[in-house]
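Asker: model this:
(chains A and B)
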Number of protein chains: 2
Amino acid sequence: MLSQNQSKHIRSLHQKKFRDELGLYLVEGDKMVQELIAQCPAEVEQVFAVQEWLNRHEKWLRNARFQVTQVLPAELERISALVTPNMVIAVAKIPVVPLQPQLPSLRTCFYLDGLQDPGNVGTILRIADWFGIPAVYCSSDCADIYSTKVVQSSMGASFRVPSWKTTLDQLITAQPDIPVLGAVMDGVDVFKQKLPATGILVIGNEGGGIRPENDCKLTTRISIPRHPNGKAESLNAAVAAGILAAMIPTT
Amino acid sequence: MLSQNQSKHIRSLHQKKFRDELGLYLVEGDKMVQELIAQCPAEVEQVFAVQEWLNRHEKWLRNARFQVTQVLPAELERISALVTPNMVIAVAKIPVVPLQPQLPSLRTCFYLDGLQDPGNVGTILRIADWFGIPAVYCSSDCADIYSTKVVQSSMGASFRVPSWKTTLDQLITAQPDIPVLGAVMDGVDVFKQKLPATGILVIGNEGGGIRPENDCKLTTRISIPRHPNGKAESLNAAVAAGILAAMIPTT
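Answerer: Presented below is the predicted three-dimensional model:
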């Protein structure tokens, strides 16, 4: 059983303000909570689960170093940020890791410039996790990386791919000679030019693209050409990020 | 002002059952409704809009051949399927177009095998609309193409790219020699093999992939290789579809 205070505490983590204040966030569902526990055991603070989940994982839960609380399905529904909660919710610590601005010199990293859709941000973390992209940097106005929608749509990538809020300037200052690529509507055809293996790849806001103060820092402006019969105004930002990530050389 | 019956009628279109029964669906928001009216004028049946929208479009609305009803913001909220409705909702006729199974011989088309996330289906329509893919065929258990989420995430592509519910068998029967490509986990590297310009490209369900009875029909199994440092289990289905669509030759 959950006390009213516990419910309130967990539900407060649906809001960025309280996540920032408490340094905590939520992870939901059987698969995702298992991934969290496997990838970031030290960050798990509490787990709230229905009987079925506790029975299923009884063995290893005995040695768990975090608090486990059984809840009723109706209680789970009340604290969940999802429309259809799935057996378990974990409260996890937001990792505090100092900015590593040098990762783009290992392999091209994403810089997300004002990406507001949490589904897009989560999907881009997943893309990074597939294509071995070492980091995802975000402008301060991007969807919060610790919102439930970002965490869930990253499918576990948010536990593995480091991400930081920073400015493009700060990354460039750390390594002034790094290539800065940007996905734009009027750039060079990405299929006709080999991308550099190291650098920063800027993905712009869903509606407005890359903002002018970052656009002027680009060393290469690239585009995914539209087919002559194509009529769409643009591609979804995460789809564009996926196509460009696929074009980054492996070595 | 909306009568209770009108509200009920519109809200019933949030459900597939009633969309199928009435042959109607909803299109929401300023930009999308304008696109609908521009692309499919004959399909618009009714428009419900707030004062501001009616003022903005007053001139050409005078010649509109559909019924226009002014609603209060609170009424719009009640009939909308969106969390934040945007000024206008149109009721449109679901077009009845006989299956055209021969489009894959013009240029490679998508076949969606049990794609359940409406955001993915809409995003794939948008991808088709960008890359000049002539049609998107869907298995009967795909997310409904006329659900609000699919329509909205297609960003207008659902007005331009024809799509049908059909079986893969039916498409193959219509042209037995057509290449049938499928996105799978253990196929040949898509970056090492040129894709055919014509054919069917099968995208499988988010969790389960392509179902066995379709998998055995594939003439070429292709994969987007994971980077050696990558840890993600899979790519998002729409992102994978976008990467593969980008690899279909233009001519």
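Asker: top strand in chain A by residue count?
Answerer: The longest strand of chain A (DSSP state E) is strand A:180-189.
Asker: tell me if the helix or strand following that strand is near chain B.
Answerer: Once the chain leaves strand A:180-189, the next helix or strand it forms, by DSSP states H and E, is strand A:200-204. No. Using C-beta under 8 Å from any C-beta of the partner chain, strand A:200-204 never reaches chain B; the gap is at least 12.8 Å. Any C-beta I mention is one placed from the backbone N, CA and C, and that applies to glycine too.
Asker: strand A:200-204 pairs with which strands?
Answerer: strand A:109-113 (parallel), strand A:180-189 (parallel) (DSSP bridges).
Asker: how about the residues of chain A by chain B?
Answerer: Near chain B, when you scan chain A using C-beta under 8 Å from any C-beta, you find A:107, A:119, A:123, A:126-127, A:129-134, A:153, A:155-157, A:160, A:191, A:224, A:226-236, A:238-240, A:242-243, A:246, A:250.
Asker: the same query, at a cut-off of 7 Å, please.
Answerer: Contacts of chain A with chain B, taken as C-beta under 7 Å from any C-beta of the partner chain, map to A:119, A:123, A:126-127, A:129-132, A:155, A:157, A:160, A:224, A:226-233, A:235-236, A:238-239, A:242-243, A:246, A:250.
Asker: what's the PyMOL line that selects buried ones from these?
Answerer: Under the burial definition 16 or more other C-beta atoms under 10 Å in any protein chain shown, those of the residues of chain A next to chain B that qualify are selected in PyMOL by:
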select buried, chain A and resi 119+123+126+127+129+130+131+132+155+157+160+224+226+227+230+232+235+236+238+239+242+243+246
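Asker: picking up where we left off before, buried stuff in the longest strand of chain A?
Answerer: Quick answer for strand A:180-189 (16+ other C-beta under 10 Å): A:180, A:181, A:182, A:183, A:184, A:187.
Asker: got the residues you listed as TSV, with pLDDT columns?
Answerer: As requested, the buried residues of strand A:180-189 are exported to TSV (pLDDT from 0 to 100):
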residue	pLDDT
A:180	98
A:181	98
A:182	98
A:183	96
A:184	96
A:187	96
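Asker: so which of these comes closest to chain B?
Answerer: Of all the buried residues of strand A:180-189, chain B sits closest to residue A:183, with 12.8 Å by C-beta to the nearest C-beta.
Asker: and that closest one, what does it touch?
Answerer: By C-beta atoms under 7 Å, 6 or more residues apart in numbering or on different chains, the residues touching residue A:183 are A:202, A:203, A:204, A:222, A:240, A:244.
Asker: state the distance from residue A:152 to chain B.
Answerer: 12 Å (C-beta to the nearest C-beta, to the nearest Å).
Asker: excluding its backbone neighbours, what's nearest residue A:153?
Answerer: In space, and not counting its chain neighbours, residue A:153 is closest to residue A:122: 3.0 Å by C-beta to C-beta, 6 or more residues apart in numbering or on different chains.
Asker: all strands of chain A, in order?
Answerer: Under DSSP E, chain A gives strands at A:24-28, A:44-49, A:67-70, A:88-93, A:109-113, A:136-138, A:163-165, A:180-189, A:200-204, A:220-223.
Asker: what would the ones you listed look like in CSV with distance to residue B:142?
Answerer: Formatted as CSV, the strands of chain A follow (distance: least, C-beta to C-beta, whole Å):
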stretch, distance to residue B:142
strand A:24-28, 25
strand A:44-49, 32
strand A:67-70, 38
strand A:88-93, 29
strand A:109-113, 30
strand A:136-138, 30
strand A:163-165, 32
strand A:180-189, 29
strand A:200-204, 28
strand A:220-223, 30
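Asker: low-confidence ranges, the stretch 151-251 of chain A, go.
Answerer: Counting by pLDDT under 70, the stretch 151-251 of chain A contains low-confidence ranges at A:251.
Asker: quick check, the residue in it closest to chain B?
Answerer: Closest point on the stretch 151-251 of chain A to chain B, by C-beta to the nearest C-beta, is residue A:227, at 3.0 Å.
Asker: relative to residue B:145, how far out is the nearest residue to that residue once chain neighbours are set aside?
Answerer: Leaving aside its sequence neighbours, residue A:227 sits nearest to residue B:132 (C-beta to C-beta, 6+ apart; 3.0 Å). Per C-beta to C-beta, to the nearest Å, residue B:132 is found 19 Å from residue B:145.
Asker: likewise for residue A:3?
Answerer: 46 Å.
Asker: and the two? Which one has more around it.
Answerer: residue B:145 (23 against 8; other C-beta atoms under 10 Å in any protein chain shown).
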